[in-house]
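In: how would this look folded up:
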Amino acid sequence: MDFLKKAALDQVLGGKDKKSDKAESSSGKKDDALDKAIDFVQEHALKQGSQKNESAAEQAKDDKIKSGIKSLYKMATGKDLK
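Out: Here you go, the predicted structure:
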């Protein structure tokens, strides 16, 4: 049955699934490459475990890290990180 739903969805969306464009976290927020990189470092280098179901506090911490990275990038290059 799922393949029928997927086929119908592909037909309506013109052959691509909405979720295939960007990954979506459990909160519904779309993750970009920087979010994925932060989660990867936390999971593998810092051994903080799976980053799949983060609490609101964890997400806020990740947002602060992301903001810091973006501001350091802008100070170093003069360009915004997209």
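
In: Going by C-alpha atoms from here, please, whenever you check contacts or count neighbours.
Out: Fine.

In: helices and strands of this protein: which one has the lowest mean pLDDT?
Out: Taking mean pLDDT, DSSP states H and E as the measure, the chain has helix 18-21 as its least confident helix or strand, at a mean of 42.

In: tell me the pLDDT at Ala57?
Out: At Ala57, the predicted lDDT confidence score is 93.

In: ranges for the helices of the chain?
Out: 2-12, 18-21, 33-40, 56-77 (DSSP state H).

In: which one of those has the lowest average pLDDT?
Out: Going by mean pLDDT, the lowest-scoring of the helices of the chain is helix 18-21, which has a mean of 42.

In: How about Glu43, nearest residue that isn't a chain neighbour?
Out: The shortest distance from Glu43 to any non-neighbouring residue, by CA to CA, 6 or more residues apart in numbering, is to Gly49 (5.0 Å).

In: these two touch, right, that neighbour and Val41?
Out: No - in this structure, Gly49 is not within contact of Val41 by CA atoms under 8 Å, at 10.4 Å.

In: Please report how far Asp80 lies from Tyr73.
Out: 7 Å (CA to CA, to the nearest Å).

In: And those two? Which one has more around it.
Out: Taking other CA atoms under 10 Å, Asp80 and Tyr73 do not tie; Tyr73 has more neighbours (14 against 11).

In: List the contacts of the more buried one.
Out: Tyr73 makes contact with Lys79, Asp80, Leu81, according to CA atoms under 8 Å, 6 or more residues apart in numbering.

In: if we take those residues, which one ends up nearest to Ala60?
Out: Leu81 (19.2 Å; CA to CA).

In: That closest one - how many residues pack around it?
Out: Leu81 - counted by other CA under 10 Å - has 12 other residues nearby.

In: Equivalent analysis for Ser67, please.
Out: 12.

In: Check Ala57 too.
Out: Neighbours of Ala57 using other CA under 10 Å come to 9.
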